[in-house]
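Visitor: Take this sequence and fold it.
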Amino acid sequence: MLLDRLIPGLSTLRGVGLADIPREIGAGISVAAVAIPIGLAYARLAGLPPEIGLYASIFPTLAYALFGPSSRYLVIGPDTAICLLLGSTVTALGVTALDQRAPVVAGLTLLVGLSCIAASVLKLGFIANLISRPVLVGYLAGVSLTLLVKQLPGITQVPLEAPGLLRPFIELAGHFGEIHWPTVALAFALLAILRAMKRFTPRIPGPPVVVVGALVLSAALALEARGFATIGALPAGLPMLAMPVFTGDPAELTMAVAGLVVVSFASGILTARSFGQKVGAPSQPNRELAGFGAANIAAGLFQGFAVTGADSRTAVALSSGGRTALVGIAAAATIALVVAFLTGPLALLPEAALGAILLSAAIDLFDLAGFRRLARIDRRELHFALVAAAGVVWVGVLQGVFVAVLLTLAHLVLKVSRPEHRIMGWHPERDSLVSLRRYPDARLSPRITVFLFEGPVMFLNAEYFRERVLAALAEYPDTRWLVLNASGMHHADTSTVDALEALKEGLDRRGIALLIGGGHGDFRAILERSGVIELIGRESVHTTAREALIAAEAARDS
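Guide: Numbering: from 1, shown residues only. Next up, the predicted model:
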């Protein structure tokens with residue numbers, strides 16, 4: 001049906017039986033219990049009034065529940081990196097007054113939503129891959145360190161102005177006598193509770209427990225009268241439709257929106273993929289863009305801020321048994337009721353509780369296991385991750401996005417321009433050609449060298465390819481037959497042709513015969529069209545490297 005295609009969430013609603021409704025609504029209430037404290041904390045992170053964090057969890061959640069293609073399991077909401085990026089962007093645009101920031105953030109969010117819709121129409125779902133996994137690990141580590149430092153004013157009640165990673169600590173040391181130590185103690189006590197719950201009771205979300213406990217403590221001990229900062233009174237009532245504000249140089253806005261789209265979509269699609277694998281629902285990047293676009297348009301028009309796939313809220317929904325769009329609808333309705341009727345008690349919430357939630361989020365962002373895995377698998381990827389982290393810390397969160405993208409592209413270029421290469425030998429027990437590096441007991445055929453280049457030869461690596469072949473021949477100077485294992489060559493261009501022609505010419509001067517085994521698709525087609533196959537000799541081009549080796553051995557023994 002056309003309506004189902006336009007509003008995908010409707011199809012999941014039709015599948016909800018009467019017996020399932022209590023479970024779905026219960027899951028939605030559980031999601032709201034987590035979303036409310038996180039929304040309050042993330043609004044502070046973006047430098048916005050706390051109620052904006054609640055607004056960002058109402059209409060956007062409802063919009064994604066109805067328009068999100070994966071709405072039967074994914075819940076959207078504010079994200080740590082996105083909120084930090086929004087806050088940094090608005091400050092860079094010169095908007096610092098608290099009452100002026102919200103409309104500008106809403107304008108950026110609306111532009112992000114429209115950009116996501118446009119990208120979906122243009123089938124640009126691949127932008128989720130503009131930040132590779134290793135670089136994303138580093139980027140989020142940099143965001144984590146930045147976020148940790150940004151909590152210093154909130155948990156010490158000392159206003160700090162110094163930027164960077166170390167200078168705020170130096171500035172704080174100069175105001176040591178002004179630190180409100182009871183606030184520090186409360187923040188770290190609540191942080192300890194959050195971390196303990198995450199480790200020992202992972203099925204029970206920590207933020208609601210901490211917020212309720214802090215509210216009870218604040219009311220019972222009159223913490224505000226004792227010098228503890230609280231979030232203060234929140235305006236009651238649902239957010240109204242409001243026109244956002246667009247400010248700043250168009251080039252600056254374009255860069256900011258591009259960075260927000262890349263980071264929010266990369267983060268959201270990773271969440272969608274990871275949870276989609278658990279429930280057997282593969283993500284659809286181009287349709288996810290449309291869903292995220294609808295959510296962000298709703299956020300921009302109803303005084304919220306940018307949102308994306310939320311791992312903590314999705315995990316709560318799934319653990320509570322939620323499987324349909326009704327979860328998001330129930331969560332949005334629950335938050336709306338709180339905003340409309342229950343904002344009074346929230347005024348007593350200590351700022352230390354929000355600081356503890358953000359400190360815990362920062363700890364979760366720093367993926368130490370991910371760094372260890374990179375160190376174990378590929379040190380080059382580890383270096384890229386470390387540079388990405390340093391980029392965020394030293395040049396800023398927004399600029400760090402583009403550093404991360406450039407690092408990903410550099411990573412790709414490095415891998416394509418410097419593929420692995422192997423000398424191969426025959427392994428009787430495996431009955432196949434294998435790498436001598438991995439199987440030093442493999443047998444080499446006298447006067448025959450089998451060379452494997454693990455990637456296509458193209459303009460990026462054509463000269464490198466020739467250098468590696470010549471280096472292999474220097475290592476085996478008695479070679480008279482060179483078998484090029486082309487099993488990894490699925491692409492070719494003019495540089496491929498030039499490299500093969502130059503290689504053939506050089507081998508002819510040395511009296512070395514060239515045979516090619518393997519290669520398919522575009523590679524074989526280019527050999528045909530360019531005439532290289534005639535230059536080498538059709539009889540010297542074989543289907544597999546094994547066949548080419550047999551032909552070389554036959555020529556040698558004849």
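
Visitor: can you pull the contacts of the closest residue in space to residue 128 that isn't next to it in sequence?
Guide: Once its chain neighbours are removed from consideration, residue 128 has its nearest residue in residue 269; the separation is 4.1 Å (C-beta to C-beta, 6 or more residues apart in numbering). Placement of C-beta: from N, CA and C, glycine included. If a contact means C-beta atoms under 8 Å, 6 or more residues apart in numbering, then residue 269 has 125, 128, 283, 285, 288, 309 as its contacts.

Visitor: Make sure residue 269 is indeed in a helix.
Guide: Yes: the assignment for residue 269, made by DSSP: H, G, I helix; E, B strand; the rest coil, places it in a helix.

Visitor: Okay, now the unreliable bits of the chain?
Guide: Counting by pLDDT under 70, the chain contains low-confidence ranges at 1-6, 69-72, 277-280.

Visitor: ok, 80 please
Guide: Across the chain, the ranges flagged by pLDDT under 80 are 1-19, 68-73, 128-131, 163-164, 273-283, 321-323, 398, 411, 520-521, 558.

Visitor: Can you pull the domain assignment for it?
Guide: Taking automatic domain parsing as the criterion, the chain consists of the domains 2-407, 421-557.

Visitor: Now do the shortest one: distance from first to last residue.
Guide: Think domain 421-557. 28 Å (C-alpha to C-alpha, to the nearest Å).

Visitor: Helix or strand: which one has residue 407?
Guide: When secondary structure is defined using DSSP states H and E, the element that contains residue 407 is helix 397-417.

Visitor: ok so, going back, possible to save the domains of the chain as CSV with distance to residue 413?
Guide: Converted to CSV, the domains of the chain look like this (distance: least, C-beta to C-beta, whole Å):
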stretch, distance to residue 413
domain 2-407, 10
domain 421-557, 7
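
Visitor: now, of the ones you listed, which is deepest in the fold?
Guide: Ranked by average neighbour count under the criterion mean count of other C-beta atoms under 10 Å, those are headed by domain 2-407 at a mean of 20.

Visitor: what separates it from the chain centre, distance-wise?
Guide: Using C-alpha atoms, centre = their mean, to the nearest Å, we find the averaged C-alpha position of domain 2-407 to lie 14 Å away from the chain's own average C-alpha position.

Visitor: about what we covered before: which strands or helices does the helix holding residue 407 pack on?
Guide: helix 80-92, helix 133-150, helix 250-279, helix 379-395 (3 or more C-beta pairs under 8 Å, 6 or more residues apart in numbering; DSSP states H and E).

Visitor: so after that helix, what's the next helix or strand?
Guide: strand 421-427.

Visitor: Show me the strands paired with the helix or strand just after that following strand, marking each as parallel or antiparallel.
Guide: Using DSSP H and E, the helix or strand that directly follows strand 421-427 along the chain is strand 432-435. Sheet partners assigned to strand 432-435 using DSSP bridges are listed as strand 421-427 (antiparallel).

Visitor: So for residue 414, which of the domains of the chain sits nearest?
Guide: Of all these, the one in closest proximity to residue 414, counting by C-beta to C-beta, is domain 2-407 (7.2 Å).

Visitor: that older thread, mind checking how far the residue nearest to residue 128 is from residue 398?
Guide: As for residue 269, its distance to residue 398 is 20 Å (criterion: C-beta to C-beta, to the nearest Å).

Visitor: Next: residue 160.
Guide: Distance from residue 160 to residue 398, by C-beta to C-beta: 20 Å.

Visitor: quick one: residue 436 and residue 422 touch, right?
Guide: Yes: at 7.1 Å, residue 436 and residue 422 qualify as touching, with contact defined as C-beta atoms under 8 Å.

Visitor: Kindly point out which residues are neighbours of both of these two.
Guide: Overlap of the contact sets of residue 436 and residue 422 (by C-beta under 8 Å, 6+ apart) is empty.

Visitor: could I get the helices and strands packed on helix 397-417 as TSV with distance to residue 543?
Guide: Formatted as TSV, the entries for these read as follows, by distance: least, C-beta to C-beta, whole Å:
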stretch	distance to residue 543
helix 80-92	49
helix 133-150	36
helix 250-279	37
helix 379-395	34
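
Visitor: which residues touch residue 43?
Guide: Residue 43 touches 49-54, 56, 78, 83, 305, counting by C-beta under 8 Å, 6+ apart.

Visitor: Quick check: nearest residue in space to it, chain neighbours excluded?
Guide: Spatial nearest neighbour of residue 43, excluding adjacent residues (C-beta to C-beta, 6+ apart): residue 53 at 3.1 Å.

Visitor: re the thing from before, quick one: which of the contacts of residue 43 is nearest to residue 467?
Guide: Checking these against residue 467 by C-beta to C-beta gives residue 83 as the nearest, at 48.5 Å.

Visitor: Return the distance of the closest one relative to residue 417.
Guide: 37 Å.
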